[in-house]
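**Q** Using only what follows, build the 3D model:
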Amino acid sequence: MKTITNQNAPRMSPAPGIEIIILGNTKKSMLTYITAQPGAVVPSHSHPHDQIGTCVQGGGELLSGGKKHKTLPGTAWTIPGDEIHEWKNTTDGVTVLIECFTPPREDYLSKAK
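**A** Alright, predicted model coming up:
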């Protein structure tokens, strides 16, 4: 077993105002804690990883599969691998998301410090 705290976890910033903290990963999955500043945008992209997430605080708008979805606290989403998606914090405060990827995002692991 391995434990970690947010303060000691590897982190990275894929876009301005977005911080991703890698809380844990195995050979098959990765769990992340994401903070997004007001107005921060994760631009349109895709990846081969399945992605499951939930909003813990704040809110935003997810465009995935050609459909817009509000991401408010308690909202969860599932994005299949290779589906084009983007997300924006639409609130005046910090938004917190928890997301799981399977398999792990090797690109995140290589960039995280």
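
**Q** Please make it C-alpha for all contacts and neighbour counts, starting now.
**A** OK.

**Q** And the strands in this structure?
**A** 11-12, 18-25, 30-36, 41-45, 50-57, 60-64, 67-71, 76-79, 85-89, 95-102 (DSSP state E).

**Q** Can you say which of the ones you listed is nearest to residue 3?
**A** strand 18-25 (8.2 Å; Cα to Cα).

**Q** quick check, distance from that closest one to the centre of its chain.
**A** Distance of strand 18-25 from the chain centroid (Cα atoms, centre = their mean, to the nearest Å) equals 8 Å.

**Q** now that strand and strand 41-45, what's the angle there?
**A** 70 degrees (axes from the mean of the first three to the mean of the last three Cα atoms, to 10 degrees).

**Q** Of all the strands of the chain, which one comes closest to residue 2?
**A** Using Cα to Cα, those put strand 18-25 closest to residue 2, at 8.4 Å.

**Q** now for the closest one, which elements pack on it?
**A** strand 11-12, strand 30-36 (3 or more Cα pairs under 8 Å, 6 or more residues apart in numbering; DSSP states H and E).

**Q** nearest spatial neighbour of residue 48, skipping sequence neighbours?
**A** residue 81 (4.3 Å; Cα to Cα, 6 or more residues apart in numbering).

**Q** Show me the one of the strands of the chain that comes nearest residue 1.
**A** strand 18-25 (10.8 Å).

**Q** Sheet partners, orientation included, of that closest one?
**A** strand 11-12 (antiparallel), strand 30-36 (antiparallel) (DSSP bridges).

**Q** tell me the most buried of those strands?
**A** strand 30-36 (a mean of 22; mean count of other Cα atoms under 10 Å).

**Q** Quick check: the gap between residue 28 and residue 102.
**A** From residue 28 across to residue 102, the span is 6 Å (Cα to Cα, to the nearest Å).
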